[in-house]
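A.B. asks: Would you be able to build a 3D model of this:
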Amino acid sequence: MNWTQRLGVPTIYAGPLHPWPHRLAKAIPGTAAATGGSSNSNQYLSPLEYYSEMSRHDYVLSPNGDRPECYRHYEAIGLGVVPITELDEEYFYHLKGSVLFNNIEWNITKLQQKLRHFSASASRDMILEEYWMDYVEARAGRSLTWWDRSRGRNSASG
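C.D. replies: Have a look, this model is predicted:
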């Protein structure tokens with residue numbers, strides 16, 4: 001049972017978006033920081049606290065930063081949390097099914113209303129090397145030779 005099933009509304013993690021202080025939470029409408037409430041956006045979170053807090057939610061706000069794609073997407077996916085992104089599905093098709101694309105709404109209350117009838121789940125396998133090896137082979141349409149680092153030689157050469 002996920003958090004939405006327990007509480008009846010989707011839970012959205014809105015920050016801090018990194019395991020260190022981040023000012024973005026202050027600018028997101030609907031968050032405690034934006035509405036004058038208390039916020040931990042000025043506090044440091046250890047990586048364990050950050051991952052623990054994020055894992056308690058169904059979704060995480062993941063707006064573009066200095067580039068569209070970021071670690072936060074994969075951190076969230078690995079925790080089973082769906083990133084809400086600004087990413088264009090056409091260019092980031094490899095994330096299809098594990099993220100919400102083209103989001104322009106950052107108000108938590110409005111997002112929760114929109115997400116009540118939406119069902120998404122992050123493909124946690126996406127953080128595994130084997131997933132990407134299979135993905136690339138499927139895109140290439142053939143079996144590829146992968147380097148076996150543990151033996152220091154090509155895995156196909158025996």
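A.B. asks: In the protein, mark out all the strands, start to finish.
C.D. replies: 12-13, 59-62, 82-85, 147-148, 153-154 (DSSP state E).
A.B. asks: same for the first one, what does it pack against?
C.D. replies: Packing partners of strand 12-13 (3 or more Cβ pairs under 8 Å, 6 or more residues apart in numbering; DSSP states H and E): strand 59-62, helix 108-115. Every C-beta, even on glycine, is put in place using the N, C-alpha and C of the backbone.
A.B. asks: Now do the longest one, average pLDDT.
C.D. replies: This points to helix 108-115. Average pLDDT, helix 108-115: 89.
A.B. asks: And the contacts of stretch 133-144?
C.D. replies: Stretch 133-144 is touched from outside by 94, 146, with contacts defined as Cβ atoms under 8 Å, 6 or more residues apart in numbering.
A.B. asks: For it, C-alpha coordinates in PDB please.
C.D. replies: Extracted in PDB, the C-alpha atoms of stretch 133-144 (Å, rounded to 0.1, in the frame of the first residue of the first chain):
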ATOM      1  CA  MET A 133      22.700  -2.800 -21.000                       C
ATOM      2  CA  ASP A 134      19.400  -4.500 -22.000                       C
ATOM      3  CA  TYR A 135      17.900  -1.100 -23.000                       C
ATOM      4  CA  VAL A 136      20.800  -0.200 -25.300                       C
ATOM      5  CA  GLU A 137      20.900  -3.700 -26.900                       C
ATOM      6  CA  ALA A 138      17.100  -3.400 -27.600                       C
ATOM      7  CA  ARG A 139      17.600   0.100 -29.100                       C
ATOM      8  CA  ALA A 140      20.500  -1.200 -31.200                       C
ATOM      9  CA  GLY A 141      18.500  -4.300 -32.300                       C
ATOM     10  CA  ARG A 142      21.400  -6.700 -31.600                       C
ATOM     11  CA  SER A 143      23.500  -8.100 -28.800                       C
ATOM     12  CA  LEU A 144      26.500  -5.900 -28.000                       C
END
